[in-house]
Structure formats: C-alpha cells, structure tokens
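Enquirer: coords please:
(one chain, ligands or ions: 1)
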Amino acid sequence: MNCPGCLKEKESGFCKKCLKSLFDGQKVEQVLPFNSPYEGNSDFYLEHTKKISISGVQVKYSLRLKNNELQLTHIGGQYILKPIPAGTFKFLDQAPANEHLTMQIAKQFKLEVPANALMDFKDGSTAYIVRRFDQIDSKKILQEDFAQIAQMTSETHGKNYKYDLSYEEIANLIKKYIPTYKIELEKFFRMILFNYIFSNGDAHLKNFSAMQTAQGDYVLTPVYDLLCTRIHSPTESDMALDLLTEGYSQAYEACGFYTYQDFFEFGQRIGIKNSRVKKILAEFNTSNKSVYQLIERSYLNEECKKLYAEYYEDRLKRMNMNVVSSN
Ligand SMILES: [Zn+2]
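Expert: Below is the predicted model:
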C-alpha cells in the first residue's frame, strides 16, 4: 500500500507529511467512521448533512475534524468529500482514485493544489477528500467562479452557459479583474495546458475561480475538480472550451486537434512573454518519469492505469509532433 495522500511507499495509513498537511498532524485513520451514502443509510446522511452541491452526477459532502476523527457536518466544514458518483459513465468506481492521481500529478507541474487524499468508508467503498481553501480559521473567504465573474447564468445564457466563453475570454477577465494578472495569467496558462495533456475535458467556466486575499484584491484559487475525464467518457471533446475566441491555427486546421502551435499562440495572445510561454511548454512537453511513477503507484485498477498512461502519451505525441515541425 502506498500513502493514500502522496502515494509514496508506506506500510499502511498516511505518512507523517500527509497527516500534517491534511489534518495538522492529528492521527486520522484512512477508514472513515461511517458507511458510504449508498448502503441504505440515506437517513444518516440527511440527519448529518446538507448536500453542499450537486453538479451533474457528483454529490459532495462537508466534513470537519474532531478528536482525530472526520465527521459529516453541515456547518464549519473543513473538507469536501466526494464518494463514487452515480450515473452511467464508464469506470465510475475509479473516479475518486482518478481525481486523487490527477491532483497529485498537478503538483508536479507547479499547480497550486490543496491537500487531498483517498479515504475508505467503513463499508470499504472509496472517496476523494480535499481540504477546503475557501476559509481561514472558519471564516469564509470571498470567492467567485468565472461564470459569476462574467455574470453568466442559465437565465442569461441558456443551459450551456458554463461552456459559452473561450479560455482566451477567461484570460481577458483575469486581466480586467486581477491586479497581479501577469502572475495569474501564467498560472492560468499552466492550468489549461495541464487539462489538455491530462485529458480533463470538462474544465468549464465554473471550474476556475478567483478569491480575495488578506489585502482585499483577487487571485486565482488553487485548482479543483481535476481528473482525466476521458477515462469515464472516452468520446467527449478534447477541451470543454475553445482555446481562442476566434479561429484556429493552421496546425489545428491540418490536424483537427490542438498541438504545440495552438498553445504557443494562445500563450502569446493572452499576453505572456514568448520566452515564458516556451519555458512552460517545455516543462510539459517531455514525457515525465514522475508522472508514470505516480500512475503506477495510484489506487486506479490496472485497466485504468493503462488507459491513463495511454491517454497521456497520446496528448504528448500531439504536442511533440508540432514541436518538431515548428522549429
Ligand atoms: Zn503521504
């Protein structure tokens, strides 16, 4: 068994470092002291929680830590718990391990990732847990997603409103509303590139947010809801939103998918210096040994590990192909 937080080799339970980052050092067991919501115990859940959000098929619960134990709560939640989602997508029982692995990989690519791990319910079913970043000392930090920032709702823009802007347009909103946009745009560029390379095809407007700092201005929040969605929905589109507001690159017209050239152009258009765009692309554009290591050590089943690695290689090939031809 590997540490269900960082995936490093460990005999059982969380390593010291993960106990610290997840639970401030409290000795929390990997097994939750209650059953999953599916084994006929919905009354228990109704008593102890308000569902904090239902987005699509994913139900999320709020937890707090008390005396080394995680409890369901409807106030003062410090963690979000995501059990196996219900629905008809493929390999849904692997979704918690997929999200956990993807968030661990995101750390390798310098994305800001809140502490997260895999937990087991008492009945053996798994769940993904992540520490909330939207509160300090139980005070809620002001936070808005980019649908709210763009003032887009289902009433104003129809039921597909979350998919109604391009990534370039989100970048323009970052420039408009975030004073330190030069730093934030690079973060954003990294996120978009990560989503493409790791086949997260559902990074829509609500999956990006800005939050208020102690000084009162806004920065991008850490990442959330990252997973290789292609495992669950193999025929979905490559990206939730178009990269550019208008038109595609010549390479896109020729290949029918995004390549190095598209991301280079995207980086330029949103105002990142050429040398920085190249540097960030270079960090992603080599097959990274630690990615394969993490896939291997993850809690995915063998079939999904194989798919995860295949999809990764597929995207790397797309990006490498153009590296060669654009030089
Ligand atoms: Zn660990």
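Enquirer: residues in contact with the spatially most central residue of the chain?
Expert: Closest to where the C-alpha atoms of the chain average out (C-alpha atoms, centre = their mean) is Leu226, at 2.0 Å. Counting by C-beta atoms under 8 Å, 6 or more residues apart in numbering, Leu226 touches Glu99, Thr102, Met103, Ala106, Phe194, Asn195, Phe198, Asn200, Ala203. Every residue, glycine included, has its C-beta placed from N, CA and C.
Enquirer: give me the number of residues near the closest residue to the ion within the stretch 201-327 of the chain?
Expert: Closest residue of the stretch 201-327 of the chain to the ion, C-beta to the ion: Arg297 (10.8 Å). Neighbours of Arg297 under the rule other C-beta atoms under 10 Å: 18.
Enquirer: could you do the one 5 residues further on as well?
Expert: Other residues lying near Glu302 total 7 when counted by other C-beta under 10 Å.
Enquirer: helix or strand right after the lengthiest strand in the chain?
Expert: Counting by DSSP state E, the longest strand found in the chain is strand 58-66. Sequence order places strand 69-72 as the next helix or strand after strand 58-66, per DSSP states H and E.
Enquirer: strands of the stretch 51-200 of the chain, residue ranges please.
Expert: Assigned by DSSP state E, counting those that start in this stretch, the strands in the stretch 51-200 of the chain fall at 53-55, 58-66, 69-72, 79-83, 116-120, 126-131, 135-136, 139-140, 143-145.
Enquirer: and of those, who's closest to the ion?
Expert: Among those, strand 116-120 sits nearest to the ion (C-beta to the ion), with 8.0 Å.
Enquirer: does that closest one reach the ion?
Expert: No: on the criterion C-beta under 5 Å from the ion, strand 116-120 is out of touch with the ion, staying 8.0 Å away.
Enquirer: for that strand, packing partners?
Expert: Counting by 3 or more C-beta pairs under 8 Å, 6 or more residues apart in numbering; DSSP states H and E, the packing neighbours recorded for strand 116-120 are helix 16-23, helix 95-108, strand 126-131.
Enquirer: the second one vs the ion: in contact?
Expert: No: with C-beta under 5 Å from the ion as the criterion, the ion is not reached by helix 95-108; the gap is at least 9.7 Å.
Enquirer: what comes up buried for that helix?
Expert: For helix 95-108, a neighbour-count test (16 or more other C-beta atoms under 10 Å) marks Ala95, Pro96, Ala97, Asn98, Glu99, His100, Leu101, Thr102, Met103, Gln104, Ile105, Ala106 as buried.
Enquirer: pLDDT added to the residues you listed, as a markdown table?
Expert: Below are the buried residues of helix 95-108 laid out as a markdown table (pLDDT from 0 to 100):
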| residue | pLDDT |
| --- | --- |
| Ala95 | 97 |
| Pro96 | 98 |
| Ala97 | 98 |
| Asn98 | 98 |
| Glu99 | 98 |
| His100 | 98 |
| Leu101 | 98 |
| Thr102 | 98 |
| Met103 | 98 |
| Gln104 | 97 |
| Ile105 | 97 |
| Ala106 | 97 |
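Enquirer: before we move on, the earlier item: turn the strands of the stretch 51-200 of the chain into CSV, columns for distance to Thr180.
Expert: Formatted as CSV, the strands of the stretch 51-200 of the chain follow (distance: least, C-beta to C-beta, whole Å):
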stretch, distance to Thr180
strand 53-55, 29
strand 58-66, 30
strand 69-72, 35
strand 79-83, 27
strand 116-120, 26
strand 126-131, 24
strand 135-136, 19
strand 139-140, 22
strand 143-145, 16
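Enquirer: next, format these as CSV and append mean neighbour count and mean pLDDT.
Expert: What follows is these, written out as CSV (neighbours: other C-beta atoms under 10 Å; pLDDT from 0 to 100):
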stretch, mean neighbour count, mean pLDDT
strand 53-55, 11, 47
strand 58-66, 19, 89
strand 69-72, 18, 95
strand 79-83, 21, 95
strand 116-120, 23, 98
strand 126-131, 22, 97
strand 135-136, 11, 73
strand 139-140, 8, 78
strand 143-145, 15, 95
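Enquirer: can you list the domains in this protein?
Expert: Domain ranges of the chain: 16-136, 141-326, per automatic domain parsing.
Enquirer: what parts of the stretch 101-250 of the chain come near the ion?
Expert: Residues of the stretch 101-250 of the chain lying near the ion (C-beta under 5 Å from the ion): none found.
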